[in-house]
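Student: can't give you the sequence, but here's the structure:
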DNA sequence: ATGGCTCTCGCGGAGAGA
């Protein structure tokens, strides 16, 4: 079973590239973030034509998450309880024995912005919510976390410590979430590999290998024990003809 | 380095992203 996460930075701007990726990579379950599309304007037909059903939690212009699956999935949760006023950022589906959640975590903007404190609170709500779920089950929590877990996950290494995405407070919230019994599947599979999932559009950051690893697939023990491989799909960070790329690459995990 | 690209809204320029 192939599962994936991808912040696509606008579904309308990315539709043709996303379809190409689905056809080429053939994932079984995918979480998308940053749809920037209303739920009722989601192009279900375009995905059904290539064999994917979608559950959608959209919003006008901003945020928005979706889960695509080969077979129709059961909707479990729409929105993070207690935080629904902070954008459409969480969606959970059940696919056979797998509980699959995708999140678009808040950015926070700057350390002195009100959204930074809201970001920290949002993560606390996420951890509380996650604790209420049945943990012995196979569950995945994937998406754009907007936190760089460790210096190894930043092109600047320790030099970025203290900056937004790299603060002690953010990493404490992330550690608390992981403490509910989750494993960062990429880091589990490649403990020492410096790899990124996001690169700034500007200044040739992608080609200069100046990125951050903020797009993660987290799994419970049951999922971790079934992990076969996981990779960051850098090919789809590249422009393809006249199709522009997202500033994030997809992350794909293969589960036995 | 002080947002150097890209997206959206909506029709001009601004806000947001990370």
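Tutor: Nice, thanks for sending it over. Bear in mind the structure is a predicted one, so any value in this text is a computation, not a measurement.
Student: which residues of the stretch 101-250 of chain A lie near DNA strand B?
Tutor: If contact is defined as CB under 7 Å from any atom of the strand, the residues of the stretch 101-250 of chain A in contact with DNA strand B are A:106-107, A:109-110, A:115, A:144, A:146, A:164-165, A:198, A:200-203, A:212, A:214, A:244, A:247-248. Where C-beta positions appear, they are placed from N, C-alpha and C, glycine not excepted.
Student: those residues in strands, which ones?
Tutor: Secondary structure of these is defined by DSSP state E; positions in strands are A:144, A:198, A:212.
Student: could you look up the SS state of residue A:218?
Tutor: Per DSSP: H, G, I helix; E, B strand; the rest coil, the secondary structure class of residue A:218 is strand.
Student: and the angle for the lengthiest helix in chain A with strand A:215-219?
Tutor: For chain A, the helix that runs over the most residues, judged by DSSP state H, is helix A:114-131. Orientation check (axes from the mean of the first three to the mean of the last three CA atoms, to 10 degrees): helix A:114-131 against strand A:215-219 gives 20 degrees.
Student: hmm, back to that, which members of the residues of the stretch 101-250 of chain A next to DNA strand B are classed as buried?
Tutor: Buried residues within these, counting neighbours by 16 or more other CB atoms under 10 Å: A:106, A:144, A:146, A:164, A:165, A:198, A:212, A:214, A:247, A:248.
Student: pLDDT score assigned to the second one?
Tutor: So that's residue A:144. pLDDT, residue A:144: 98.
Student: got a list of what the nearest residue to it once chain neighbours are set aside touches?
Tutor: Excluding the flanking residues, the one nearest residue A:144 by CB to CB, 6 or more residues apart in numbering is residue A:7, at 4.3 Å. The neighbourhood of residue A:7, defined by CB atoms under 8 Å, 6 or more residues apart in numbering, consists of A:32, A:33, A:34, A:104, A:143, A:144, A:198, A:215, A:246, A:247, A:248.
Student: please enumerate the strands of chain A.
Tutor: For chain A, the strands defined by DSSP E occupy A:2-7, A:29-33, A:53-57, A:65-69, A:74-78, A:90-95, A:98-104, A:138-144, A:183-184, A:198-199, A:211-212, A:215-219, A:227-232, A:251-255.
Student: for residue A:154, find the nearest of those.
Tutor: Of all the strands of chain A, the one in closest proximity to residue A:154, counting by CB to CB, is strand A:211-212 (5.5 Å).
Student: which other helices and strands does the closest one contact?
Tutor: Using 3 or more CB pairs under 8 Å, 6 or more residues apart in numbering; DSSP states H and E as the contact test, the elements touching strand A:211-212 are strand A:198-199.
Student: give the rounded mean pLDDT of the strand it packs on.
Tutor: Averaged across strand A:198-199, the pLDDT comes to 98.
Student: identify the residues contacting it?
Tutor: Contacts of strand A:198-199 from elsewhere in the structure, counted by CB under 8 Å, 6+ apart, are A:7, A:144, A:205-206, A:210-215, A:237, A:247-249.
Student: try 7 Å this time
Tutor: Applying CB atoms under 7 Å, 6 or more residues apart in numbering, the set of residues contacting strand A:198-199 from outside is A:205, A:206, A:210, A:211, A:212, A:214, A:215, A:237, A:247, A:248.
Student: for stretch A:53-66, same thing?
Tutor: Contact with stretch A:53-66 is made by A:31-39, A:42, A:44, A:47, A:67-69, A:71-73, A:75, A:78-79, A:87-91, A:93, A:102, A:104, as judged by CB under 7 Å, 6+ apart.
Student: what about burial for these, which qualify?
Tutor: Judged by neighbour count, with 16+ other CB under 10 Å as the criterion, the buried members of those are A:31-37, A:39, A:42, A:47, A:67-69, A:73, A:78-79, A:87-91, A:93, A:102, A:104.
Student: what sits closest to residue A:237 if chain neighbours are left out?
Tutor: Taking CB to CB, 6+ apart, and ignoring the residues beside it in sequence, residue A:237 has residue A:249 as its nearest neighbour in space, at 4.2 Å.
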